[in-house]
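[1] Fold the stuff below for me.
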Amino acid sequence: MVEVIWTDSAIEDLNDIGAYIAKDSVRYAEITIAELFGSVDILEEYPSYGIVVPEFDNEFVRQIIKGNYRIVYQIINDFKVEILTVHNCARLISKTKHF
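    Take a look at the predicted model:
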């Protein structure tokens, strides 16, 4: 089984998303964050589940699309995956961002 680790940056992204959504609905914010957080559980068994992030064209940097969000992760080795960022699908990830 692969260990899935959320980076501080990805946790901060979730907090920002939750705070933004909570301006309109605290309950919807809670549901959205829980769904985003839970959507990476599949990586424990299938770390290559996501698709390659097109901006980087690196087979180890992948994403899972959940609703309006891209959950970007990196396969570190056979035993570890790191969640790098949670990003709105409407925005491109800057090519200057290094994972």
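[2] List of residues touching the longest helix seen in the chain?
    For the chain, the longest helix by residue count, based on DSSP state H, is helix 8-22. Identification of contacts with helix 8-22 by CB atoms under 8 Å, 6 or more residues apart in numbering yields 6, 28-30, 32-33, 36-37, 69, 71, 83-87. To be clear about C-beta, it is placed using only N, CA and C from the backbone, and glycine gets the same treatment.
[3] mind redoing it with 10 Å?
    6-7, 26-34, 36-37, 40, 68-69, 71-73, 82-88, 97, 99 (CB atoms under 10 Å, 6 or more residues apart in numbering).
[4] Just checking the distance from that helix to the centre of its chain.
    11 Å (CA atoms, centre = their mean, to the nearest Å).
[5] What separation is there between the residue of the chain most remote from its centre and Gly18?
    Each residue of the chain has a distance to the centre, and by CA atoms, centre = their mean the biggest one is for Asp24: 22.7 Å. Between Asp24 and Gly18 the computed distance is 12 Å (CB to CB, to the nearest Å).
[6] average model confidence for stretch 91-99?
    Summarised as a single mean, pLDDT over stretch 91-99 is 62.
[7] Okay, now the unreliable bits of this protein?
    Scanning the chain with the threshold set as pLDDT under 70 gives 94-99.
[8] Tell me the spacing between the residue nearest to Tyr69 when sequence neighbours are not counted and Ile93.
    Distances taken as CB to CB, 6 or more residues apart in numbering place Val86 nearest to Tyr69, at 5.5 Å, with adjacent residues excluded. To Ile93, Val86 is 11 Å away according to CB to CB.
[9] And for Glu55?
    Going from Glu55 to Ile93 by CB to CB gives 5 Å.
[10] Name the residue in the two with the higher neighbour count.
    It is Ile93, of Glu55 and Ile93, that has more neighbours when counted by other CB atoms under 10 Å, with 18 against 14.
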